[in-house]
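Undergrad: Okay, here's the prediction I keep looking at, along with the sequence it came from:
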Amino acid sequence: MRQSGIELEVLVKDVPGGSGRHASASDGGGRSGAPLSGEARTGQITRAAAAALAAAGVEDGHLAIALVGEGEIRRLNREHRGEDSPTDVLSFPIDEAGFAAGARELGDVVICPGHTEDLDEAVVHGVLHLCGYDHETDRGDMLALQARVLRDL
């Protein structure tokens, strides 16, 4: 999906109903506890990511969001954080806030729906990390912004 100067890819793999397919961004879905179809889920993810990017003041760049199963998120968490357990969301920033020739490569967000109570919250949380926010060091700024974005969705 290309919105303004943002290019977003959503990849669903290794999750029930995922089958490793790329999902194109489209409208549909919303916040609810009910399972969403692939198209509706992609729409939900796209809206949450766009809202987080706008709140962070990021107007251009590329990011990818992958939905994965428990085994994949556990492997990534072990390899990158030294924690041998599944988690809800991991972020892998690439360009961070430095200079980038061409469009920024913001990075990747990996979400395990089976360990996520709220998909919107996981998307917003992961995308804010790609934008340079860090709730472990910022005295609450990231989590306050996250709450505002979620309230406005």
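TA: Right, received. Where do you want to start? Numbers count the residues shown, from 1 in each chain.
Undergrad: what's residue 152 in contact with, if anything?
TA: With contacts defined as Cβ atoms under 8 Å, 6 or more residues apart in numbering, the neighbours of residue 152 are residue 51. Bear in mind the C-beta positions are built from the backbone N, C-alpha and C, glycine included.
Undergrad: Over to it: give its phi and psi.
TA: Geometry field for residue 152 lists phi and psi as phi -80, psi -10, criterion degrees, to the nearest 10.
Undergrad: Which pLDDT does the model give it?
TA: Residue 152 is assigned 94 on the pLDDT scale.
Undergrad: What's the local residue count around the nearest residue to residue 5 once chain neighbours are set aside?
TA: For residue 5, the nearest residue in space outside its immediate sequence neighbours is residue 60; the separation is 2.9 Å by Cβ to Cβ, 6 or more residues apart in numbering. Using other Cβ atoms under 10 Å, residue 60 has 14 other residues around it.
Undergrad: Repeat that for residue 109.
TA: Taking other Cβ under 10 Å as the definition, residue 109 ends up with a neighbour count of 28.
Undergrad: just checking, it touches residue 66?
TA: Yes. Residue 109 is within contact range of residue 66, at 7.3 Å (criterion: Cβ atoms under 8 Å).
Undergrad: Surely the residue nearest to residue 5 touches residue 8?
TA: No. Between residue 60 and residue 8 there is no contact, the gap being 11.7 Å when judged by Cβ under 8 Å.
Undergrad: from memory residue 131 sits against residue 53, does it?
TA: Yes. Taking contact to mean Cβ under 8 Å, the distance of 6.9 Å between residue 131 and residue 53 places them in contact.
Undergrad: quick one: which of the two has more around it?
TA: Under the neighbour definition other Cβ under 10 Å, residue 131 and residue 53 were set side by side, and residue 53 has more, 26 against 22.
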